[in-house]
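1. Next input, structure requested:
(2 chains)
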Amino acid sequence: MDKVIGINEAIKDIRDGDTLMIGGFMANGAPEKLVDALIAKGIKDIILISTDTGLVTTGSGKLISRKLVKKLYASHIGTNKETGRQMNEGETEVELVPQGTLVERIRAGGYGLGGILTKTGLGTLVEEGKQRITVDGEEYLLETPLKADFALIHAAKADRNGNLVYKGSTNNFNNVMTAAANVTIVEADEVVENGEIDPNFVHTPGVFVNHVVDGGAING
Amino acid sequence: MDKLEMQEFIAKRVAKELEHGLVVNLGIGLPTKVANYVPEGIEVIFQSENGFVGLGLTPTEEELDPNIVNAGGMPVTIKPGGAFFDSSTSFGIIRGGHVDLTVLGALQVDEKGNIANYMIPGKMVPGMGGAMDLLSGAKKVIVAMEHTAKGRHKILGECNLPLTALGAVDSIITEMGVIKVTNEGLLLTEINPGFTVEEVQEATGAKLYVDKELRKMEV
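-> Residues are numbered from 1 along each chain as shown, chains lettered A, B, ... in the order given. The predicted model follows:
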């Protein structure tokens, strides 16, 4: 199978108002070229799921600073002043989710789970409106799954089947998000032939990936 | 002590809590400085919640790899024997009780071990990041902070800012001393010889019990 296509072809079905997951941690491991292509296409009213909103000029933060996001799910927005301003002035709806809970809600969405139980957030504002469940005498919060229409992912290397390898700390939310979207689009710094990635060292199996874009071949 | 000296002093004292083989997560800011003072002969495994263990120090120009950043987004190194993973594994390590010790800063801590360190409503709402997970999952929690905020109490009978976690804090280390959170209340176990017990009490917004064997705080 060959999942490698051009960047504009890869994002052609993304519409205004879609829910997007975007990988990266403070833009480390963020699919910068896919985000730029979205901006060029003029997509707006996005429901964005991203652990932080990078900086004003990096990662998913670029969508925030251009006011293209309607609702945001994130764990930390302190590094992008524009996100806080939009939240305080009621321009963008923001749901703050503890980082470990956010990644597990995404995992639940991708792995067919009806939710997860965690002690994180018990007795805090995070608990508001949520169900407490007792298991073996221990109390937990029920956190529900998150899914998306599209996931925008960055990888260091992809083969034509969409098997992925990350470098350094760039994996972060990328691996988990690949499973939780209807369509997963990967921007890879390098695209190689099937068989060139040792199957023992694949970080994300290609079954979760729909499209691969050769980011290394795109200038600028 | 000026602010910087105070922070270094606190970081040095926290570093004395490190034991060989512990898995440790350091928060952003003052807690990050603890890594500079690991006692000789002791090896600890630092975890970075964005996805690795074996966090090393700031890279030299030759070592710099843009793919490796810490939880504050700053370039760092990974030590031989370290490992990278995704955020699910990283928070599995944290939430599952595989982090022995976390050191965090705080806006407020109270005598029940409650902690507020992620928002000031209407003013500063950066989000909790991984702090709630760390506080609920780490085996031991040390708060490392300046004793007061420009004279205002940070150690209180009861926090009035939104809580990050309930009853999570084990001890508080400041430039004035070391305070343990016990079922009976806050117990001053070490004091910086530059201060009297009365001065520490005055800088604290909750009743301090003084340990019978109160020791001198040394770094």
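2. Tell me where the longest helix sits in the chain.
-> I'll assume chain A. Longest helix in chain A by number of residues (criterion: DSSP state H): helix A:99-110.
3. sorry, should have said chain B
-> helix B:3-15.
4. what packs against that one?
-> Counting by 3 or more C-beta pairs under 8 Å, 6 or more residues apart in numbering or on different chains; DSSP states H and E, the packing neighbours recorded for helix B:3-15 are strand B:140-144, strand B:171-173. Quick note: C-beta positions are derived from backbone N, CA and C, even for glycine.
5. Swap in 6 Å and give it another go.
-> Secondary-structure packing of helix B:3-15 (3 or more C-beta pairs under 6 Å, 6 or more residues apart in numbering or on different chains; DSSP states H and E): strand B:171-173.
6. And the lowest-mean-pLDDT helix or strand in chain A, what does it pack against?
-> When each helix and strand of chain A is scored by mean pLDDT, DSSP states H and E, helix A:81-88 comes last, with a mean of 94. Applying 3+ C-beta pairs under 6 Å, 6+ apart, one finds that helix A:81-88 contacts helix A:61-65.
7. Need the contact partners of the longest helix of chain B.
-> With contacts defined as C-beta atoms under 6 Å, 6 or more residues apart in numbering or on different chains, helix B:3-15 is touched by B:30, B:33-34, B:37, B:103, B:144, B:173, B:175, B:219.
8. hmm, stretch A:177-192 touching chain B?
-> No: Stretch A:177-192 lies out of reach of chain B by C-beta under 6 Å from any C-beta of the partner chain, never closer than 9.5 Å.
9. Once you drop chain neighbours, what's closest to B:Gly205?
-> Among residues not flanking B:Gly205 along the chain, B:His153 sits closest, at 3.3 Å (C-beta to C-beta, 6 or more residues apart in numbering or on different chains).
10. Just grab the bridge partners of that neighbour for me.
-> For B:His153, the beta-bridge partners under DSSP bridges are B:Thr148.
11. Report the outermost residue of the chain with respect to its centre.
-> Here I'm looking at chain A. Distance from the C-alpha centroid of chain A peaks at A:Gly137, with 34.5 Å (C-alpha atoms, centre = their mean).
12. wait, I meant chain B there
-> Residue of chain B lying farthest from the centroid, by C-alpha atoms, centre = their mean: B:Glu62 (30.5 Å).
13. a helix runs through it, doesn't it?
-> No: assigned with DSSP: H, G, I helix; E, B strand; the rest coil, B:Glu62 falls outside any helix and is coil.
14. end to end, how far does stretch B:52-72 reach?
-> Counting by C-alpha to C-alpha, to the nearest Å, you get 13 Å between the two ends of stretch B:52-72.
15. Compute the number of surrounding residues for B:Leu161.
-> For B:Leu161, the count of nearby residues is 17 (other C-beta atoms under 10 Å in any protein chain shown).
16. who does the lengthiest strand in chain B touch, helix- and strand-wise?
-> Criterion DSSP state E: the longest strand present in chain B is strand B:208-216. Other helices and strands packing on strand B:208-216, by 3+ C-beta pairs under 6 Å, 6+ apart, are strand B:185-191.
17. gap between the helix or strand following the strand it packs on and the chain center?
-> As assigned by DSSP states H and E, the chain's next helix or strand after strand B:185-191 is helix B:197-202. A distance of 22 Å separates the centroid of the chain from that of helix B:197-202, by C-alpha atoms, centre = their mean, to the nearest Å.
18. residue contacts, B:Asn114?
-> B:159, B:163, B:166.
19. show me the contacts for the last one.
-> It stands for B:Leu166. Contacts of B:Leu166 (C-beta under 6 Å, 6+ apart): A:123, B:114.
20. 8 Å instead, please
-> Applying C-beta atoms under 8 Å, 6 or more residues apart in numbering or on different chains to B:Leu166 gives the contacts A:122-124, B:112-114.
21. average model confidence for the longest helix of chain B?
-> Averaging pLDDT along helix B:3-15 yields 96.
22. Can you identify the element that follows that helix toward the C-terminus?
-> Later in the chain than helix B:3-15, the nearest helix or strand by DSSP H and E is strand B:23-26.
23. For that next one, C-alpha coordinates in CSV please.
-> Below are the C-alpha coordinates for strand B:23-26, written out as CSV (Å, rounded to 0.1, in the frame of the first residue of the first chain):
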residue,chain,number,x,y,z
VAL,B,23,12.9,8.1,39.8
VAL,B,24,12.4,11.9,40.2
ASN,B,25,10.3,14.5,38.4
LEU,B,26,11.3,18.1,38.8
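24. That one close to chain A?
-> No: using C-beta under 8 Å from any C-beta of the partner chain, strand B:23-26 stays clear of chain A, coming no nearer than 11.9 Å.
25. In its sheet, which strands sit next to that strand, and in what direction?
-> Take DSSP bridges as the rule and strand B:23-26 pairs in its sheet with strand B:45-48 (parallel), strand B:101-104 (parallel).
26. Which residues does that strand contact?
-> Residues contacting strand B:23-26 (C-beta under 8 Å, 6+ apart): B:18, B:32, B:34-35, B:44-49, B:53, B:93-94, B:98-103, B:134, B:138.
27. Could you tell me the average pLDDT over it, please?
-> The model assigns strand B:23-26 a mean pLDDT of 98.
28. who in chain B is up against chain A?
-> Counting by C-beta under 8 Å from any C-beta, chain B sits next to chain A at B:48-52, B:65, B:67-69, B:71-73, B:78, B:84-88, B:90-91, B:94-95, B:122, B:124-133, B:136-137, B:162-166.
29. circling back: make a markdown table out of the contacts of B:Leu166 and add secondary structure, distance to A:Asn8 and pLDDT.
-> Formatted as a markdown table, the contacts of B:Leu166 follow (DSSP: H, G, I helix; E, B strand; the rest coil; distance: C-beta to C-beta, whole Å; pLDDT from 0 to 100):
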| residue | secondary structure | distance to A:Asn8 | pLDDT |
| --- | --- | --- | --- |
| A:Leu122 | coil | 46 | 97 |
| A:Gly123 | coil | 48 | 96 |
| A:Thr124 | coil | 44 | 97 |
| B:Lys112 | coil | 57 | 98 |
| B:Gly113 | coil | 54 | 98 |
| B:Asn114 | coil | 52 | 98 |
